[in-house]
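Engineer: Need coordinates for the following:
(one chain, ligands or ions: 1)
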Amino acid sequence: MKNLTLWKGRSSVGEMVSGVPRFWSLEGCEGCGKSTQAARIKAYLEQQGHEVVLTREPGGTPTGEMIRNMLQHHASGEDIAPSTEVLLFAASRAQHVRHVIRPALEAGKWVICDRFVDSSLAYQSGGRGISLEDVLKVNAFALEDCWPIKTLWFDLPVEQALERVSDRGEAPDRFESEQLAFHQRVALTYQSLADRFAHRFVRIDASRGVEEVFAQVLDAVAEHTGSRGL
Ligand code: TYD
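Structural biologist: Next comes the predicted model:
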């Protein structure tokens, strides 16, 4: 990436990794409360005088929103192959990086992204069974080196998460309609991603109330901004 300073280091398993300062992603299973926290992080950073772009995946661009609709409310009755799913999410991400995330970061803004590449690793690899390395390879092409420097992982027991989703009383989408075992595989994969990418994953206990969760989030933000003078 030409105009961006990249942080470079090694992951806990020794591979070279990089991240863009001011780029954070939020991850976790359905119902984990990350969207509520995303809005709060944005408000907090703005109070500190930063410009913040809050965005989400799938979506974040008009093309991405079309892909989101295809993936979540697929109406043709045709099964979407797991490999197609990987590629569609990655296509949405490539568009998002090129047209929203990268320009914002290059302009010195913060970017808070509600779901990013780790959702593909957790759902398409853990959930659907595509190898992690294949999902990583496809996404490396989409990301153009634009990795988040921090990933807040909102960890919540699967049963509690699904209860929260059903309490909303909305019609479930394709992912929410999956079996318990699918969601358990997704949750386990997040745990293993937190180990593999320990340099950027921060575990947040999402089983607490909104205020307590936000206190944990603020600790993570303060630690990061303080240590980097951002
Ligand atoms: P969304 O309504 O945004 O869910 P949430 O509010 O939980 O974030 O739906 C996005 C769904 O798409 C969610 O079930 C996870 C899934 N998903 C993937 O499977 N892979 C991906 O790469 C992304 C970004 C999302």
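Engineer: Now the longest helix that the chain contains: buried residues?
Structural biologist: When every helix of the chain is counted residue by residue (DSSP state H), the longest turns out to be helix 210-228. The neighbour-count criterion (16 or more other Cβ atoms under 10 Å) identifies V213, F214, Q216, V217, A220, V221, H224, T225 as the buried residues of helix 210-228. Just so you know, the C-beta spots here come from the backbone N, C-alpha and C atoms, and that holds for glycine as well.
Engineer: gap between the last one and V17?
Structural biologist: Distance, T225 to V17, using Cβ to Cβ, to the nearest Å: 20 Å.
Engineer: Would you mind listing what in the protein touches the ligand?
Structural biologist: Within the chain, the positions near the ligand by Cβ under 6 Å from any ligand atom are E30, S35, E57, P58, Q72, F89, R115, S119, S120, Y123, Q124, F175.
Engineer: Turn the buried residues of helix 210-228 into CSV, including pLDDT.
Structural biologist: Output for those, formatted as CSV (pLDDT from 0 to 100):
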residue, pLDDT
V213, 97
F214, 97
Q216, 97
V217, 97
A220, 94
V221, 92
H224, 83
T225, 81
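Engineer: so what's the residue nearest to the spatial centre of the chain up against?
Structural biologist: In the chain, the residue lying closest to the centroid (Cα atoms, centre = their mean) is R115, at 2.5 Å. Taking Cβ atoms under 8 Å, 6 or more residues apart in numbering as the definition of contact, the neighbours of R115 are S25, L26, E27, K34, R56, E57, P58.
Engineer: residues in contact with stretch 217-228?
Structural biologist: 21, 37, 40-41, 44-45, 48, 149-150, 152, 202, 204, 230.
Engineer: Dump the C-alpha coordinates for that stretch into PDB.
Structural biologist: Coordinates of each C-alpha in stretch 217-228 appear next as PDB, following Å, rounded to 0.1, in the frame of the first residue of the first chain:
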ATOM      1  CA  VAL A 217     -13.700  -1.900  25.000                       C
ATOM      2  CA  LEU A 218     -12.500   1.500  26.300                       C
ATOM      3  CA  ASP A 219      -9.600  -0.200  28.100                       C
ATOM      4  CA  ALA A 220      -8.600  -1.800  24.800                       C
ATOM      5  CA  VAL A 221      -8.900   1.500  22.900                       C
ATOM      6  CA  ALA A 222      -7.000   3.500  25.600                       C
ATOM      7  CA  GLU A 223      -4.200   0.900  25.700                       C
ATOM      8  CA  HIS A 224      -3.800   1.000  21.900                       C
ATOM      9  CA  THR A 225      -4.000   4.800  21.500                       C
ATOM     10  CA  GLY A 226      -1.800   5.500  24.500                       C
ATOM     11  CA  SER A 227       1.000   3.100  23.500                       C
ATOM     12  CA  ARG A 228       1.000   4.400  19.900                       C
END
